[in-house]
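A.B. asks: Provided below are the primary sequence and the corresponding predicted coordinates.
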Amino acid sequence: MTASVANAAAAAAVVPCWSCKGPVAARALFCSVCGAVQGPGAIDHFSRLGMLPTFDIDQDLLEKQYFGFQRRLHPDRFAAKSPKERALSQSQATSLNEAYETLKDPLKRAAYLLDLKGRKVDLTACGTINDPMLLMEQMEKREAIADADTVEVITKLSADADSEVIACQCHISAAFNAGELDEAGHLTIRLKYLAKLAEEARTKKTRITRALR
Amino acid sequence: MIDDGLVLLQLHEPGETPVPHESESGLAVGIDLGTTNSVVAFSFDSEVEVLRGEDGKALIPSVVHYKDDGSVEVGALARQAILESPDHVVSSIKRLMGRGLEDVKSLAGTLPYEVVVPPEGGMVRLRVAGRTLTPVAISAHILMAIKERAEQAMLGKSVTRAVITVPAYFDDAARTATKDAARLADIEVLRLVNEPTAAALAYGLDNSVEGLYAVYDLGGGTFDISILKMEKGVFQVKATGGDAVLGGDDIDHAVAEHFLSQRAAGAAITAGEVKQALMTARVAKECLTGRAEGEWMIELDGIASRHKLTKAELEKLAEPFVERTIEICRGVVEDAGIDVGDIQGVVLVGGSTRMPLVRKRVSEFFGRQPLSDINPDEVVAVGAALQAEALTRGSDTLLLDVTPLSLGIETMGGIVEKVIPRNTPIPVAMAQEFTTYQDGQSAMSIHVVQGEREMVDQCRSLARFVLRGIPPMAAGAARIRVTFQVDADGLLTVSAQEMATGVEQHVAVKPSYGLSDDEMATMLRDSLVHAKDDMAQRLLTEAVVEARRSVLAVKSALGVDHDLLSVDERQAIDAAVEAVEQACAGIDRDAVTVAVEHLEEATKSFAEKRMDRGIRQALAGVSVERLDDALGGAE
Ligand SMILES: [Zn+2]
């Protein structure tokens, strides 16, 4: 790193505290001088929760971090503070919730990580599957679920769908670890459809079991 | 950031309830504002006392008697008056909070009072004793009685703030209505807490409770089921569900109908008979908790009728309602993504869980005996009191709740597009972008709904608003970002901005079932209480809180960086601080604002010097440690 780049980075890391107007680290949660809570700032979800930006994630650690940050930033901690501090704490808690909801879900996490690495996958684009193989596979499985009419059949289909979801997550992990981002992107789209199928199978299973009761 | 000036539209004012300095504010209590009964409790150092009336009872019947002389009576006496003057007494008003005509139709026949809907739509009104009252005003009367009870029990100390519980399944309109009622009763709401979450808090206090718990809450008029994960002082709601119009009242009605069908041989049934039959049904239901059968008498208009009821008959009448709660439990367990077997305990809340049939079905479904060591009538108020203490005096515990109903917007063909799915942790914000579909289109109408169904007319309408002033552009070129924010009370705020140009837009909102600001203002004026918390007072309090924060901030800064100031500069700042403190002691808001502005002016160069020093230190590689102080987040 050249000196000027380092300087710019160091200067950018310091911002004025909204409350006492003095310097505060851009990422600080509280001002060390006046104690005021700071805004959530624009940092990525992994950094926000103090996690490494990887697909493989320790769910227990993630939850522990999330609880830890919420303990300090949740609006309940600021009920007796000024309106401005309450509003900032609400923004902080909102950002923490968004980060937590994104990272705890493998599909959202994969898509977010790809986005961070500059490979945006569009999970909202509904319907159209570009990959003919994937399309074929999905149609067949969907049909099988629709045709299932006994508990045995749907239980098996549901279990298969669940294990395919898990297998796909393992492949995504492998692709990220090997730095194969294109592959990770394909698999993430695949995961989206597999998750949807697993959901459909579960719903159907519930319906059949309930009808029997 | 919050203050980017683009928040154009607010269904609810943020910062509506400033919390004044501890010494200036009264005590904070927990209130369970129930359909049938209400309870109030107070906590100090985690020791909770349920506040009782002179009769020693904790339950205050949520019944209001509007007398002909204009006076109002709440509680046990009001309940007794039901028989003599049924058309002067209102009960179960909670069922109508934030409800419109459509909702009332679905309750048809179960409401023992005359309901009218204002011509412009919106929340229903009640015709009682020749007066037209909103459910908000009636609830405010109950809250005033609760406040009075609390103040008597606290030896005359003033009670001004409260945590009020609401059914987890209450929608936005009902939550807003509850908050409005508190405002009319001159109670500042510290937080609306979901009833099952409050109950869990009461149980989780001893910390021996860890893992996944279900809270089954069957009250008079509402049913809630929540699955929570309790862990080291964190209460995380995993999923919640319920029915805002299902409760013990429904069982009473079924029993009352049964009685009336035996009594009235073809004759028209009077309102008086319905009320009396309901009271008899309630008594019968309670008696059959411990007995196998009994006989009750209904006597009115000179006609007496005797009615036998066995426990088995009662259970047959109650079964459809209890089964419906079990169905809802099943759905919520699925939503939580767990198996019933993962649940380590079931907590029972609400008077209706005393019914043996309810206990039996709940233990069958969850495969374990439910917990009810804390009185199910009082447990919610106990939790609310603990939370009131936590919010005003600090606490190690933390509640992380979710939004119970999905929020969506109407799209083409009346289809709902979900913006925030149910069971999303709150507070939450989601943004959605819209575009224009006609060249030069300058306005766009947005309809916000709450519910799980696909079609708009099957969901509850929350609000409609129009985005105006969209700059003229080709169809599809405008990008309007609408942000939906649900706060920690579960209340929705909507804001909007045009992304392509950043042009400000005018937005008009019409809450579907709320009271308009004008209506609220009028009610506050005619008030019930002498609107102590009128607008001016609230603004003053808010300004003083903010001014005190500024002074503290400047003093902290002086403590660290005083060496940057000359004697003259220091004197100027000290004088400005002094001026703010003086203004805060007065009652002139403008004086406070001006003094704070002067203080900001007086500290401007000081702030610049501090920033320079901070950046110089960062550049010199002097660790930003001091600045980084609060970086480490967890634990
Ligand atoms: Zn500061």
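C.D. replies: Cool, the structure landed.
A.B. asks: Identify each buried residue in the particular helix or strand that has residue B:308 in it, please.
C.D. replies: Using DSSP states H and E, residue B:308 sits in strand B:303-310. Of all the residues in strand B:303-310, those buried under the rule 16 or more other CB atoms under 10 Å in any protein chain shown are B:305, B:307, B:309. All C-beta spots, glycine's among them, are computed from the backbone N, C-alpha and C.
A.B. asks: Nearest residue to the last one in space, please, no chain neighbours.
C.D. replies: The reference is to residue B:309. residue B:284 (5.3 Å; CB to CB, 6 or more residues apart in numbering or on different chains).
A.B. asks: which residues does the one you found contact?
C.D. replies: Listed by CB atoms under 8 Å, 6 or more residues apart in numbering or on different chains, the contact partners of residue B:284 are B:255, B:294, B:296, B:307, B:309, B:314.
A.B. asks: Next, format those as TSV and append pLDDT and distance to the ion.
C.D. replies: TSV is the format used below for these (pLDDT from 0 to 100; distance: CB to the ion, whole Å):
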residue	pLDDT	distance to the ion
B:255	91	63
B:294	86	69
B:296	85	69
B:307	85	71
B:309	88	68
B:314	91	64
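A.B. asks: Next to chain A in this structure, residues from the stretch 401-550 of chain B, please.
C.D. replies: For the stretch 401-550 of chain B, the contact set with chain A under CB under 8 Å from any CB of the partner chain comprises B:424-429, B:485, B:487-488, B:542, B:545-546, B:548-550.
A.B. asks: at 10 Å instead, please
C.D. replies: For the stretch 401-550 of chain B, the contact set with chain A under CB under 10 Å from any CB of the partner chain comprises B:401-402, B:421, B:424-430, B:485-489, B:493, B:542-550.
A.B. asks: Selection in PyMOL covering whichever of those are buried, please.
C.D. replies: Those of those that count as buried under 16+ other CB under 10 Å are selected in PyMOL with:
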select buried, chain B and resi 401+402+421+424+425+426+427+428+429+430+485+486+487+488+489+493+542+543+544+545+546+547+548+549+550
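A.B. asks: Among the residues of the stretch 401-550 of chain B next to chain A, which lie within helices?
C.D. replies: Judged by DSSP state H, the subset of these located in helices is B:542, B:543, B:544, B:545, B:546, B:547, B:548, B:549, B:550.
A.B. asks: The fourth one: what's its closest spatial neighbour, skipping adjacent residues?
C.D. replies: The one in question is residue B:545. In space, residue B:545 is closest to residue A:82, 4.8 Å off (CB to CB, 6+ apart).
A.B. asks: In contact with the one you found, which residues are there?
C.D. replies: The neighbours of residue A:82, taking CB atoms under 10 Å, 6 or more residues apart in numbering or on different chains as the test, are A:19, A:36, A:88, B:15, B:18-19, B:542, B:544-550, B:552.
A.B. asks: all helices of chain A, in order?
C.D. replies: A:3-12, A:45-48, A:59-73, A:83-104, A:106-116, A:132-147, A:151-177, A:181-212.
A.B. asks: Could you report the neighbour count for residue A:29?
C.D. replies: Other residues near residue A:29 come to 22 when the count uses other CB atoms under 10 Å in any protein chain shown.
A.B. asks: thought it was touching residue A:73?
C.D. replies: Yes - between residue A:29 and residue A:73 there is a contact at 6.5 Å, judged by CB atoms under 10 Å.
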